[in-house]
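Q: only geometry, no sequence info:
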């Protein structure tokens, strides 16, 4: 065998081993998730008793629970959580009652803002709280596999990502590194409100939340299927930095 053929054969063999290894990992992941081809099993389907039975609720109940948690947080009456017992209960799995797409801003902590414990809130965070392909996939997992009945898109006051997007549009500011990826993603929402009366920053923050909610409402097939069945609700809100209050706007 010539050196070229031997090299090609060795390369093909390596590629086959790599493919089989990846395929094996993928199959294992599907088995662990309790999925079958063409069907994703929810947490309720995988086990008769979910890790946190109190989280096995409908969309409206989940929303009311979220609002009540935020009210406790705002008033300074957050509950005391037993982290030790929660850790033990969640070893077997998870069934959060809400998935939150929020900004990466260090001042925004969804688990605190809604007075939730471990295993209650499935968090996806990106500067500017807009929908990315990876974020959508994570939300689909939360809904289709973990059985989350509620998705909240959470914007906030004084968002640095929105501010950067405004500067990129109005002043043609060019930011270093990969930051332009953020400003480009936020550009459509900002452009919609450029000529609206009122504060541009506040209008853009609200519009970005509304656009993200609309994007998720149209995300097929997993989210639209859950919405159609009435097992999922998608809402949007804005976090007020001075009070901690979350105001629902979409």
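A: Cool, the structure landed. Computed from a predicted model, the values in this text were never measured in an experiment.
Q: pull the number of nearby residues for residue 215.
A: Residues near residue 215, counting by other C-beta atoms under 10 Å, number 15. Every residue, glycine included, has its C-beta placed from N, CA and C.
Q: didn't it look like it was pressed against residue 133?
A: No - Residue 215 is beyond contact range of residue 133, at 11.3 Å (criterion: C-beta atoms under 8 Å).
Q: how about the strands in the protein?
A: Secondary structure of the chain (DSSP state E): strands at 98-102, 121-125, 150-156, 233-239, 246-248.
Q: with mean pLDDT added, can I get those strands in a markdown table?
A: Formatted as a markdown table, the strands of the chain follow (pLDDT from 0 to 100):
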| stretch | mean pLDDT |
| --- | --- |
| strand 98-102 | 98 |
| strand 121-125 | 98 |
| strand 150-156 | 98 |
| strand 233-239 | 98 |
| strand 246-248 | 98 |
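Q: could I get those as a markdown table with mean neighbour count and distance to residue 221?
A: Output for these, formatted as a markdown table (neighbours: other C-beta atoms under 10 Å; distance: least, C-beta to C-beta, whole Å):
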| stretch | mean neighbour count | distance to residue 221 |
| --- | --- | --- |
| strand 98-102 | 26 | 17 |
| strand 121-125 | 20 | 19 |
| strand 150-156 | 26 | 16 |
| strand 233-239 | 22 | 15 |
| strand 246-248 | 17 | 27 |
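Q: could you find the closest non-adjacent residue to residue 112?
A: Leaving out its chain neighbours, the residue that sits closest to residue 112 by C-beta to C-beta, 6 or more residues apart in numbering is residue 73, at 6.4 Å.
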